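Peer 1: below are the sequence and a predicted model; questions follow.
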Amino acid sequence: MSEVRSSDQVDLSALVDAARQGDHRAFDELVRQTYAETYTLAFRLVGNEEDARDVTQEAYIRAFKGLRRFRGEARFSTWMYRITANCASTHLGRRRRHRHDELFDDAPVADDAPMASPELRAEAADFNRRVKDAVDRLPPKLRAVVVLRDLYDMPHEVIAAELGISESAAKVRLHRARRQLRDDLFPIQGMEAAHAV
Amino acid sequence: MQCDDVTSDFGEVAAGRLLLGGDERAHVEQCLRCQADLVHYRRLLRTLRSVRTELLEPAPGLLTDVLAAVSAAGEQGAIVSVLRGRRVAYVGGIAAAATAAAAGGALVLASRSRRRVRLAS
C-alpha cells in the first residue's frame, strides 16, 4: 500500500460548528479533510483493508450521530481517533465471535537516526518497514494499545475506556506489546534475555 | 539488583514518560545488556512515533462510500425524527380528545344533577 505524508492539521473548528448546527455539507467536508487519517488509524488497528474500510465508515456514522455531543474541548481529529478506536475494538470483537479468527503472533524491526549516506537512509527505511510489519503481526489486542499509545499518544485511561478494558489491563498489554516488538526486532537480544537469569 | 528488576520500565523510559531511580540507573550504567536493551527500546519508540506522521492512502471509493453511508444515516435520522414527531402528535391528539370527552362528560353530569335538584324543589 502506498503512503502519503500527512498534510497536518487544518483548522476544522468552523466546519465542526457548522456541522453541529445541521449543515450536512460541512460534515461532508470534515469527512473529506480527515478520512485518510481515520482510515490510517483503522488500518493500523485492524490490520487489513477490508475491515479498515468498514471501521472508517462506522466511525463517521457514529461521529455524525454524536456530533452534538462533541463539545470541541479536544480537536475533531482526536475525537475521531477515540471513535475509531472504539469501532475497531467492537469490530474485532465481533469478527472473533463470528469467525473464530486466529490471533496473529509477533513480528520483526528497523532504524531512524539522522542520516547522511544513502546506505544509512536505506537502512532506516528498512527498519521503519520492519517495525510496521512487526506491529501488523502483533495480536490485535496488543496491537491496539501500542498503536494508540506509542503512535497516537493517547492516555492510558482513554485507551482503556475506548477498548472497554481496565487501565491496568491497558498498561499490561502495552508492556507485553512493546516486549514482543523488541524481541521480534532484535531477536538475538530477545534470546539472550530468555536465557538470562 | 537484577536485569529483570529494571527492564520492565524500559518501554516507558524510552518513551520519555519515566525516569529511572538511582538504583536502577546505577545498574544500567554497569550492565551492557540493559544498556543494549534500552537502546533497542529507544530505537523502537522513535520509529513508532515517526510512523504516526505517515498516512496510508485509502483505496479509491472509500470517500464516496463514507459520504453515502453518512447521508443514509442522516436520512434515517430524519425519518425517525419525523415519525417521533408524528407519534407525539398522535399522543397529543388522543390526550386532547380524552380531555375534551372528560370535560363534556362532566358538563353533562353537572347539568343533569342541576335538573334533578330543580325538579326536586
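Peer 2: Nice, thanks for sending it over. Numbers count the residues shown, from 1 in each chain, chains lettered A, B, ... in the order given.

Peer 1: my read: residue A:149 touches residue A:174, true?
Peer 2: Yes: Residue A:149 is in contact with residue A:174 according to Cβ atoms under 8 Å; the separation is 5.4 Å. Yep, even glycine has a C-beta here, placed from its N, CA and C like the rest.

Peer 1: and for these two, which residues touch both?
Peer 2: Common contact partners of residue A:149 and residue A:174 (Cβ atoms under 8 Å, 6 or more residues apart in numbering or on different chains): residue A:156.

Peer 1: strands along chain B, start to end?
Peer 2: Taking DSSP state E as the test, the strands found in chain B are B:54-56.

Peer 1: what's the answer for chain A, then?
Peer 2: Using DSSP E, strands in chain A cover A:3-5.

Peer 1: tell me the buried residues in stretch A:79-86?
Peer 2: A:79-86 (16 or more other Cβ atoms under 10 Å in any protein chain shown).

Peer 1: just name the closest of those residues to residue B:2, please.
Peer 2: For those, the minimum distance to residue B:2 (Cβ to Cβ) is 36.1 Å, reached by residue A:85.

Peer 1: so what's the residue nearest to the closest one when sequence neighbours are not counted scoring on pLDDT?
Peer 2: For residue A:85, ignoring the flanking residues on the chain, the nearest one in space by Cβ to Cβ, 6 or more residues apart in numbering or on different chains is residue A:162 at 4.2 Å. Per-residue confidence (pLDDT) for residue A:162: 92.

Peer 1: make sure residue A:162 is actually in contact with residue A:80.
Peer 2: No: using Cβ under 8 Å, residue A:162 makes no contact with residue A:80, being 11.7 Å away.

Peer 1: remind me, longest helix of chain B?
Peer 2: Longest helix of chain B, by residue count under DSSP state H: helix B:62-120.

Peer 1: do that one and chain A meet?
Peer 2: Yes: applying Cβ under 8 Å from any Cβ of the partner chain, one finds that helix B:62-120 is in contact with chain A at B:62-63, B:65-67, B:69-71, B:73-74, B:77.

Peer 1: quick one: that helix to chain centroid distance?
Peer 2: 32 Å (Cα atoms, centre = their mean, to the nearest Å).

Peer 1: counting by contacts, list what it packs against.
Peer 2: Here helix B:62-120 touches helix A:24-46, helix A:49-66, going by 3 or more Cβ pairs under 8 Å, 6 or more residues apart in numbering or on different chains; DSSP states H and E.

Peer 1: and the last one with helix A:24-46, angle?
Peer 2: I take that to be helix A:49-66. 140 degrees (axes from the mean of the first three to the mean of the last three Cα atoms, to 10 degrees).

Peer 1: just the buried residues of helix A:49-66, please?
Peer 2: Going by neighbour count (16+ other Cβ under 10 Å), the buried part of helix A:49-66 is A:49, A:51-64.

Peer 1: what residues are up against residue 45?
Peer 2: I went with chain A, as the question did not name one. Taking Cβ under 8 Å, 6+ apart, one finds A:52, A:55, A:84-85, A:88-89, A:92, A:140, A:143-144, A:147-148 in contact with residue A:45.

Peer 1: not what I meant, chain B
Peer 2: Neighbouring residues of residue B:45 by Cβ under 8 Å, 6+ apart: A:150, B:11, B:14-15.

Peer 1: would you list those residues in a markdown table and tack on neighbour count and pLDDT?
Peer 2: Output for the contacts of residue B:45, formatted as a markdown table (neighbours: other Cβ atoms under 10 Å in any protein chain shown; pLDDT from 0 to 100):
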| residue | neighbour count | pLDDT |
| --- | --- | --- |
| A:150 | 24 | 92 |
| B:11 | 26 | 88 |
| B:14 | 23 | 89 |
| B:15 | 20 | 86 |
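
Peer 1: can you tell me how far the nearest residue to residue A:57 once chain neighbours are set aside is from residue A:31?
Peer 2: Closest residue to residue A:57 apart from its sequence neighbours, by Cβ to Cβ, 6+ apart: residue B:69 at 4.9 Å. To residue A:31, residue B:69 is 10 Å away according to Cβ to Cβ, to the nearest Å.

Peer 1: now swap in residue A:76 and tell me
Peer 2: 11 Å.

Peer 1: swap in residue A:123?
Peer 2: 38 Å.
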